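# below is the structure, and that's it, no one-letter string:
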């Protein structure tokens with residue numbers, strides 16, 4: 001047992017010390033009595049000395065156990081204090097390492113909202129809310145009315161509650177808040193607030209609902225076309241080889257459209273599911289753009305379109321996932337190819353070392369301009385921007401706010417026309433840029449084309465070049 005004090009092998013036990021004191025006193029008494037018998041003249045003082053020794057021995061024997069208890073008591077108290085201190089340190093370490101944000105809130109007066117302060121916050125809560133460990137005002141850290149009401153019920157009503165709320169910012173996250181009353185004192189009331197991140201669960205639910213709704217709506221038209229052509233080919237057009245070939249080409253185009261639609265929906269769903277998770281990779285924006293231009297060379301040749309890239313000589317390093325950044329550039333260039341006339345020109349420009357204002361600056365004088373996505377303000381970040389401009393018909397001002405909506409298509413871009421598309425390309429671009437904590441801007445002037453600018457935070461990791469091997 002950790003609280004048991006083992007006797008020292010050197011020091012005598014309390015019982016042995018008591019026996020030694022009694023034996024010594026008894027022996028002294030016997031000697032004094034023997035002297036009194038041997039020398040009667042001095043018997044009175046010797047008898048008095050024997051009585052005094054006997055009385056002293058009895059008092060020492062009576063007080064020894066008490067003295068022993070007094071010696072062991074301080075040791076027990078010190079060990080108890082040390083154990084209590086160790087448990088408190090362990091609880092504090094556990095509180096700090098819990099991944100869910102946790103806070104202890106002090107109530108103050110019921111009618112004083114500013115008096116509700118965070119008495120203690122763990123590391124996860126401090127990182128999320130950007131507050132100190134203690135002393136922050138509750139209403140400035142958590143501004144959701146429903147959550148503040150739940151905290152008041154725990155503080156002043158002793159009621160435990162669970163409530164949902166969404167955090168602000170571009171990368172919105174969904175939280176489940178649990179509030180519990182804590183035992184306090186007459187001078188103050190306390191409550192525990194625990195936050196659980198349920199963003200992934202909510203996104204999966206929305207993804208399933210959106211996928212079913214969008215897929216059922218968008219697949220209805222090609223499926224109806226396929227069913228009609230199949231019935232026609234099984235009927236009176238069975239022996240008409242010209243009609244059969246024409247119908248089969250249409251059916252193949254509709255099947256290809258459904259394949260693209262399902263692929264885009266799955267890609268969009270995966271991106272939305274991880275949209276709140278910042279990327280961890282690093283890449284060269286100029287090299288990614290060059291790879292996209294090379295990959296689309298066959299398509300640009302078929303459309304008779306020329307792509308001109310204006311990029312700095314040095315590498316432009318950004319923080320992001322290469323596949324997703326390539327998808328952003330490819331979707332923007334692909335849209336430009338669809339809208340460019342034959343023998344047209346597409347301009348791709350890359351800029352680096354920009355402030356947020358410079359990255360979102362206008363590139364087409366006199367054109368209608370609209371930010372489709374603005375990143376959260378961070379004065380310490382600089383950005384790299386890629387701008388893709390075509391010289392096609394352009395877009396009217398009223399279409400700009402809805403360009404990143406799912407399946408939104410401007411007039412002349414309906415499925416099956418000369419510029420077929422699923423209507424998901426810009427929606428995918430927006431969600432990828434949002435995951436990378438970047439921004440998206442569109443400019444358009446009817447008759448002179450449109451320009452899309454996507455900008456991303458620059459990487460702080462230095463560029464490393466492989467060492468040549470001999």
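Great, that's in hand. Remember, it's a predicted structure, so these values are computed and weren't measured experimentally.

# and the helices in this structure?
Ranges of helices within the chain are 14-38, 43-97, 123-129, 138-141, 145-156, 199-218, 220-234, 241-273, 285-295, 297-303, 322-339, 356-359, 425-435, based on DSSP state H.

# most packed of these?
Comparing the helices of the chain by mean neighbour count (mean count of other Cβ atoms under 10 Å), helix 425-435 ranks first with a mean of 23. (Each C-beta comes from the backbone N, C-alpha and C, glycine too.)

# quick revisit: could I get the helices of the chain in CSV, plus columns for mean pLDDT?
Shown next, in CSV, are those (pLDDT from 0 to 100):
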stretch, mean pLDDT
helix 14-38, 63
helix 43-97, 65
helix 123-129, 87
helix 138-141, 87
helix 145-156, 90
helix 199-218, 71
helix 220-234, 81
helix 241-273, 81
helix 285-295, 93
helix 297-303, 87
helix 322-339, 92
helix 356-359, 88
helix 425-435, 90
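
# now render those helices as TSV, adding distance to residue 448.
Listed next are the helices of the chain as TSV, based on distance: least, Cβ to Cβ, whole Å:
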stretch	distance to residue 448
helix 14-38	104
helix 43-97	58
helix 123-129	46
helix 138-141	48
helix 145-156	48
helix 199-218	32
helix 220-234	33
helix 241-273	29
helix 285-295	23
helix 297-303	19
helix 322-339	12
helix 356-359	22
helix 425-435	20
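
# so which of these is nearest residue 117?
helix 138-141 (6.3 Å; Cβ to Cβ).

# coming back round to it: residue 350 is nearest to which of the helices of the chain?
Short answer: helix 285-295, nearest of those by Cβ to Cβ, at 5.6 Å.

# which strands and helices sit next to that closest one?
strand 306-310, helix 322-339, strand 345-354, strand 383-389 (3 or more Cβ pairs under 8 Å, 6 or more residues apart in numbering; DSSP states H and E).

# let's see that with 10 Å instead.
Packed against helix 285-295 by the contact rule (3 or more Cβ pairs under 10 Å, 6 or more residues apart in numbering; DSSP states H and E) you find strand 306-310, strand 317-319, helix 322-339, strand 345-354, strand 383-389, strand 449-457.

# what's the angle from that helix to strand 449-457?
Relative orientation of helix 285-295 and strand 449-457, computed by axes from the mean of the first three to the mean of the last three Cα atoms, to 10 degrees: 140 degrees.

# between the helices of the chain, which one is nearest to residue 107?
helix 145-156 (3.9 Å).

# which one is residue 348 nearest to, not counting chain neighbours?
residue 309 (4.7 Å; Cβ to Cβ, 6 or more residues apart in numbering).

# now the helices and strands packed on helix 285-295 in a markdown table, with distance to residue 295?
Compiled in a markdown table, the helices and strands packed on helix 285-295 are given as follows (distance: least, Cβ to Cβ, whole Å):
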| stretch | distance to residue 295 |
| --- | --- |
| strand 306-310 | 11 |
| strand 317-319 | 19 |
| helix 322-339 | 7 |
| strand 345-354 | 13 |
| strand 383-389 | 15 |
| strand 449-457 | 18 |
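
# for residue 209, find the nearest of those.
helix 322-339 (23.8 Å).

# neighbours of residue 378, just the number please.
If you count neighbours by other Cβ atoms under 10 Å, residue 378 ends up with 10.

# from residue 318, how far off is the residue nearest to residue 348?
17 Å (Cβ to Cβ, to the nearest Å).

# for residue 192, same thing?
41 Å.

# who has more neighbours, the two?
Comparing residue 192 with residue 318 by other Cβ under 10 Å, the one with more neighbours is residue 318, at 24 against 17.

# what sits against the closest residue to the more buried one other than its chain neighbours?
Nearest residue to residue 318, sequence neighbours excluded (Cβ to Cβ, 6+ apart): residue 456, at 4.5 Å. For residue 456, the contact set (Cβ atoms under 10 Å, 6 or more residues apart in numbering) comprises 279, 283, 285, 316, 318-320, 325, 328, 359, 375, 381, 383-386, 432-433, 436-439.

# just checking, residue 114 touches residue 138?
Yes: under the criterion of Cβ atoms under 10 Å, residue 114 makes contact with residue 138 at 8.8 Å.

# residues near residue 118, how many?
Using other Cβ under 10 Å, the number of residues around residue 118 comes to 24.

# I'd guessed it sits against residue 108; true?
No: assessed by Cβ under 10 Å, residue 118 is found out of contact with residue 108, at 11.8 Å.

# between these two, what contacts are shared?
residue 138.

# count the neighbours of residue 317 for me.
Neighbours around residue 317, by other Cβ under 10 Å: 19.

# actually, residue 219.
Residue 219: 16 surrounding residues under other Cβ under 10 Å.

# quick one: pLDDT of it?
Listed pLDDT for residue 219 reads 75.

# can you give me every residue that contacts it?
Going by Cβ under 10 Å, 6+ apart, the list of residues near residue 219 reads 254, 257, 258, 261, 262, 265.

# if we use 7 Å, what do you get?
Shown in contact with residue 219 (Cβ atoms under 7 Å, 6 or more residues apart in numbering): 258, 261.

# how far away is the residue nearest to residue 318 from residue 431?
Relative to residue 431, and taking Cβ to Cβ, residue 456 is found at 14 Å.

# same question for residue 52.
Separation of residue 52 from residue 431 (Cβ to Cβ): 100 Å.

# so residue 156 makes contact with residue 110?
Yes: counting by Cβ atoms under 7 Å, residue 110 is a contact partner of residue 156 at 5.2 Å.

# go through stretch 359-374 and flag the buried ones.
Residues of stretch 359-374 classed as buried: 359, 360, 363, 364, 367, 368, 369, 372, 373 (neighbour count, 16 or more other Cβ atoms under 10 Å).

# so what's the last one up against?
Just to be clear, that refers to residue 373. Residue 373 sits in contact with 430, 433, 434, 439, 440, where contact means Cβ under 7 Å, 6+ apart.

# repeat the analysis, applying 10 Å as the threshold.
170, 404, 429-431, 433-434, 438-441, 454-455.

# with distance to residue 273 added, can I get these in a markdown table?
As requested, the contacts of residue 373 are exported to a markdown table (distance: Cβ to Cβ, whole Å):
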| residue | distance to residue 273 |
| --- | --- |
| 170 | 17 |
| 404 | 18 |
| 429 | 17 |
| 430 | 15 |
| 431 | 10 |
| 433 | 16 |
| 434 | 13 |
| 438 | 19 |
| 439 | 22 |
| 440 | 20 |
| 441 | 26 |
| 454 | 21 |
| 455 | 24 |
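
# per-residue pLDDT, the closest residue to residue 450 other than its chain neighbours?
Closest residue to residue 450 apart from its sequence neighbours, by Cβ to Cβ, 6+ apart: residue 444 at 4.0 Å. Note on residue 444: pLDDT of 93.

# bridged to the spatially closest residue to residue 136 that is not a sequence neighbour, which residues?
Nearest residue to residue 136, sequence neighbours excluded (Cβ to Cβ, 6+ apart): residue 118, at 4.5 Å. Residue 118 has the following beta-bridge partners by DSSP bridges: residue 105, residue 136.
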